[in-house]
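Q: A structural model of the following input is requested.
(2 chains)
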Amino acid sequence: MTGILEAIRAALPSAGVELLQNPSPCAQHSLIVCPKDARAVAEFLRNSLGYDFCSNVSGVDWPARKVKETIVRKETVEGVETEVKETVEREIPGFLEAVYHVFSISKRSGVLTLRVRTGNRTDDVSIPSLTPVWKSADFQEREAYDLFGIRFDGHPDLRRILMWDEFADHPMRKDYNPPDDFEYEPTPHDEILVKVKARTEAA
Amino acid sequence: MLDEELKADLQKRGIFVASFEDLYNWGRKNSLWPLQFGLACCAIEMIATAAARFDMARFGAEVFRPSPRQADLMIIAGTVTKKMAPLVVRLYNQMPEPKYVIAMGACAISGGPFKEGYNVLKGIDRYIPVDVAIPGCPPRPEALLEGLIKLQEKIQGQRLFGPHRARHADTDDAADYPVPAYGAHDLEPALNPRIFRPDPPRRAGE
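A: Numbers count the residues shown, from 1 in each chain, chains lettered A, B, ... in the order given. Just a heads-up that it's a prediction; the model follows:
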């Protein structure tokens, strides 16, 4: 993985590519590619490193989340140096992510994971399409657009693929609420029971 | 109505007496023509039912028609997605009366394992009247045959005139069922209140 990263950096010095370590035993590290350079990096991977097959494109929704971090800092109080532990809460803004799994058939080399992240989850959701580089990404990018709302600039035919065209939501997002069409339940409970009571009282 | 005892007695003497209704229904029930379409894995079981081992032809229902205009039985074999539901309702509307519907499998009955999903219709009975529901995931071919026999029993017992006449003989009952439209969040309307009236909620033991 580091060899690939060095090759990309040598060929495209200005490209924004970082290595994201996976600390688990599987050690499936991935490359985070800046959206503006994604197309150039993908073309380099295909043309120079032989990554000729994109097997999988997935979307991931990362809502804004808070991370608690413990910082240890040294403080000098009345001439005595002590260690003070401090918990800092840091907010990571939300974003959407497209994950590409590419293989090299010609070199028989395994999976290379690319992650391309959008600016946020609301208005800055465009990333360049890699369909012009890997044709097999076509339908899967459409699926990521349909279910997550990631817009792929330069995609030849960016339409919904699973839901109907009139559909407005992106159902795989974490904050999606499915339509309220519960029905008869033999033992309604909790919030369903509240809804059921409201409906029967109204009728 | 003819006395059943007298009818049996006459039959022993070689005289067969039947009402027009009985003959008409007997003919109909033994030549059901299903519409040839499948929606998911239940369709594989439906194909198995039609094929040689189980042989639906023994019950007179082997003539799968590729056109709704020639079919009088709709076997909803599989998951009905919300994207597919308007097309299923439209096919149903295109079938000539009298027509019947078998909801085959958990998905067609209620949405099944996908009931809490966003894209699967929670039972086709929200839009079209279902005559026989066959539970299972998927039901075995024997179960589909059992459902077919139940439907035949229902057809045999249907009245064509009078206050308890069958749905298709009731001219007040509109034969067309509204086709739902694709909405921004769900199908619109989400159900047909004229035919979908779920039981009032109750708790176990009530």
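
Q: what about chain A, any weak spots by pLDDT?
A: A:180-188, A:203 (pLDDT under 70).

Q: Let me know the secondary structure of residue B:24.
A: Under the three-state scheme (DSSP: H, G, I helix; E, B strand; the rest coil), residue B:24 adopts helix.

Q: what about it, neighbour count?
A: Neighbour count of residue B:24, defined by other CB atoms under 10 Å in any protein chain shown: 14. In short, each C-beta sits where N, CA and C put it, glycine included.

Q: How much space separates it from chain A?
A: From residue B:24 across to chain A, the span is 36 Å (CB to the nearest CB, to the nearest Å).

Q: do the same with residue B:198
A: Plainly put, residue B:198 is 4 Å away from chain A if you go by CB to the nearest CB.

Q: and that residue, what pLDDT?
A: As predicted, residue B:198 sits at a pLDDT of 70.

Q: and it, helix, strand or coil?
A: coil.

Q: Can you tell me the element the residue nearest to the spatial centre of chain B falls in?
A: The centre of chain B sits closest to residue B:101, judged by CA atoms, centre = their mean, with a distance of 1.7 Å. Following DSSP states H and E, one finds residue B:101 within strand B:100-104.

Q: Partner strands of that strand and their direction?
A: Strand B:100-104 sits in its sheet next to strand B:73-77 (parallel), strand B:132-134 (parallel), going by DSSP bridges.

Q: Which SSE is immediately downstream of that strand?
A: helix B:105-110.

Q: Just the mean pLDDT for that following helix, thanks.
A: Helix B:105-110 comes out at a mean pLDDT of 92.

Q: and it, what other elements does it pack with?
A: Counting contacts by 3 or more CB pairs under 8 Å, 6 or more residues apart in numbering or on different chains; DSSP states H and E, helix B:105-110 packs against helix B:42-50, strand B:73-77, strand B:132-134.

Q: is it possible to export those to CSV including mean neighbour count and mean pLDDT?
A: Putting the helices and strands packed on helix B:105-110 into CSV (neighbours: other CB atoms under 10 Å in any protein chain shown; pLDDT from 0 to 100) gives the following:
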stretch, mean neighbour count, mean pLDDT
helix B:42-50, 21, 93
strand B:73-77, 27, 94
strand B:132-134, 23, 95
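
Q: Just put these in CSV and tack on distance to residue A:99.
A: Shown next, in CSV, are these (distance: least, CB to CB, whole Å):
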stretch, distance to residue A:99
helix B:42-50, 33
strand B:73-77, 36
strand B:132-134, 41
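
Q: Out of these, which is closest to residue A:123?
A: The minimum distance between residue A:123 and the helices and strands packed on helix B:105-110 falls on strand B:73-77, with 42.0 Å, by CB to CB.

Q: Which elements pack onto the following helix or strand past that closest one?
A: Note on strand B:73-77: by DSSP H and E, the next helix or strand toward the C-terminus is helix B:85-94. When contacts are defined as 3+ CB pairs under 8 Å, 6+ apart, helix B:85-94 sits against strand B:73-77.
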